[in-house]
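*Asks:* pasting the sequence and the predicted coordinates here, then a few questions.
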Amino acid sequence: MSETSPSKEGPILTIVGDLVALGPLRRDLLPLYQRWVNDLGTMRTLGLPPSPMTSEKEEEWYERQSKTEDDTPFTIYERETLRPIGNTGLHGIDHRNRTATFGILIGEPECRGKGYGTETTRLMLDYAFTALSLHNVMLQVFEFNAAGIRAYQKAGFNEFGRRRKSRMMGGRLWDEIYMDCLSSEFERPVTTGKEWGISAWLSPEGTARIEVGSDYGETAR
Ligand SMILES: CC(C)(COP(=O)(O)OP(=O)(O)OC[C@H]1O[C@@H](n2cnc3c(N)ncnc32)[C@H](O)[C@@H]1OP(=O)(O)O)[C@@H](O)C(=O)NCCC(=O)NCCS
């Protein structure tokens with residue numbers, strides 16, 4: 001069994017929300033991760049080329065992601081069943097400028113449209129702002145990904161720009177949309193359960209609101 005394989009106690013969980021929980025990447029889940037990114041529809045929304053992802057390429061991705069200091073990759077679990085359902089992460093983390101780029105994949109199709117993507121996004125924003133002290137998190141999403149855009153808006157992201165007609169899909173060109181969220185705009189609490197979520201980082205007693213002082217002396221909720 002690898003170090004990150006689930007033990008009798010279940011998988012390691014770093015952040016626990018109401019609907020989902022997030023834990024480290026796991027080598028034993030590589031075949032599952034590989035299956036998720038071999039779905040053509042998923043490749044399309046992630047902007048991956050529509051070519052098969054081999055286990056060798058997936059292994060390389062895992063080797064890079066499991067060791068890099070610039071990214072924080074997680075496995076997403078359905079909280080109730082602890083079934084692995086996707087991946088998420090902050091990428092290109094720049095601590096000097098306090099920025100990062102957000103990415104997400106709910107790999108199990110039947111787990112989409114249940115609020116899991118929205119909660120994962122909110123948990124990751126809270127993690128970025130509260131645990132990593134970042135100030136600006138951005139993402140890219142294609143105009144045709146209505147579920148993604150809606151989930152990101154609900155989680156706290158706002159559009160700040162578009163690269164127009166830059167993505168070919170289904171015989172037409174679509175915009176690439178850029179969204180961001182500032183720590184000073186982000187609304188907490190993310191979860192209802194007082195012991196859950198990244199709130200524990202700053203507030204072990206789980207008070208409903210975390211006061212996070214920024215560099216500029218303002219108070220970011
Ligand atoms: C995009 C993704 C992360 C969203 O996560 P999710 O768990 O499916 O999303 P949620 O259930 O939290 O929210 C989806 C919202 O979009 C809405 N939605 C879904 N399909 C829609 C459509 N075609 N048009 C408009 N709204 C739509 C849902 O109704 C819901 O909004 P509501 O709660 O106000 O009703 C997930 O579907 C996914 O991983 N897809 C494949 C990979 C991907 O696209 N990754 C992101 C690349 S940027």
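*Replies:* Looks like it came in fine.

*Asks:* just say helix, strand or coil for residue 177.
*Replies:* Secondary structure, DSSP: H, G, I helix; E, B strand; the rest coil: residue 177 is strand.

*Asks:* got the confidence number for it?
*Replies:* The confidence metric pLDDT takes the value 98 at residue 177.

*Asks:* and it, bridged to which residues?
*Replies:* In this entry, residue 177 is beta-bridged to residue 141, residue 162, by DSSP bridges.

*Asks:* who's in contact with it?
*Replies:* 140, 141, 142, 143, 149, 159, 161, 162 (CB atoms under 8 Å, 6 or more residues apart in numbering). Any C-beta I mention is one placed from the backbone N, CA and C, and that applies to glycine too.

*Asks:* just confirm yes or no for the one helix or strand residue 123 maps to near the ligand.
*Replies:* Using DSSP states H and E, residue 123 sits within helix 116-126. Yes: judged by CB under 6 Å from any ligand atom, helix 116-126 and the ligand are in contact via 116, 117, 118.

*Asks:* any idea how far residue 31 is from the closest residue to residue 37 other than its chain neighbours?
*Replies:* Spatial nearest neighbour of residue 37, chain neighbours left out: residue 53 (4.8 Å); criterion: CB to CB, 6 or more residues apart in numbering. Distance from residue 53 to residue 31, counting by CB to CB, to the nearest Å: 11 Å.

*Asks:* compare neighbour counts for the two and give me the winner.
*Replies:* residue 53 (18 against 9; other CB atoms under 10 Å).

*Asks:* now for that one: which residues touch it?
*Replies:* 34, 37, 38.

*Asks:* what is the least confident helix or strand in the chain?
*Replies:* strand 219-220 (a mean of 38; mean pLDDT, DSSP states H and E).

*Asks:* what segments of this protein are strands?
*Replies:* With DSSP state E as the criterion, the chain has strands at 15-16, 20-23, 72-78, 84-94, 99-106, 136-142, 158-169, 172-182, 212-213, 219-220.

*Asks:* quick one: the ones you listed as TSV, columns for distance to residue 127 too.
*Replies:* Listed next are those as TSV, based on distance: least, CB to CB, whole Å:
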stretch	distance to residue 127
strand 15-16	6
strand 20-23	8
strand 72-78	8
strand 84-94	8
strand 99-106	10
strand 136-142	10
strand 158-169	19
strand 172-182	12
strand 212-213	12
strand 219-220	14
